[in-house]
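*Asks:* model the structure of this input:
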Amino acid sequence: MAAMPDAAQSQYIRFLLDFLDDQTAGRNRGEFGWIHGDTTAGEGAVERMRTRTPDLYRFMQVQRNTWWAQTIERLLTAGGTHFIGIGQMHLLGPDGIPAQLRSVKSPS
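*Replies:* Take a look at the predicted model:
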């Protein structure tokens, strides 16, 4: 995270504090719904990041997910077996890794 721009670092702290406030207020119900295929809470978190902390969203969801998609595409092209662990929020939304992978062109 040290490479994250200052504005995004500040927004990350805000994002985490908002999460803790929501937890205290009981608004994080369904946070683990992804275990059963319900991504509603994660989708809400991605949308909240996009609207409330745009610098953080740009860094975490656009730039980072683009890098991951390119890395995954290179690994798939190279063949072999690979394991990548990715958090739920990186998989959701219009800038999630699956959407990024659809836009990455395989080398010819």
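
*Asks:* point out the other helices and strands that the helix ranked longest in the chain packs with.
*Replies:* Longest helix in the chain, counting residues (DSSP state H): helix 6-24. Helices and strands touching helix 6-24, by 3 or more C-beta pairs under 8 Å, 6 or more residues apart in numbering; DSSP states H and E, are helix 40-52, helix 54-57. In this view, the C-beta of every residue, glycine as well, is placed from N, C-alpha and C.

*Asks:* just the CA trace of the last one, in PDB.
*Replies:* Which is helix 54-57. Taking Å, rounded to 0.1, in the frame of the first residue of the first chain, the C-alpha atoms of helix 54-57 are listed here in PDB:
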ATOM      1  CA  PRO A  54     -13.100   7.600  -5.800                       C
ATOM      2  CA  ASP A  55      -9.300   7.900  -5.500                       C
ATOM      3  CA  LEU A  56      -9.200   4.600  -3.500                       C
ATOM      4  CA  TYR A  57     -11.600   3.000  -6.000                       C
END
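
*Asks:* packing partners for the next helix or strand after that helix?
*Replies:* Next along the chain after helix 54-57, taking DSSP states H and E as the criterion, comes helix 64-78. When contacts are defined as 3+ C-beta pairs under 8 Å, 6+ apart, helix 64-78 sits against helix 97-103.

*Asks:* buried sites along the helix it packs on?
*Replies:* 97, 100 (16 or more other C-beta atoms under 10 Å).

*Asks:* repeat that for stretch 54-72.
*Replies:* Applying 16+ other C-beta under 10 Å to stretch 54-72 flags 55-61, 63-65, 68-69, 72 as buried.

*Asks:* ok, residues contacting it?
*Replies:* 4-5, 7-8, 11-12, 15, 46, 49-50, 84, 86, 89-90, 93, 95-97, 100-101, 103-104 (C-beta atoms under 8 Å, 6 or more residues apart in numbering).
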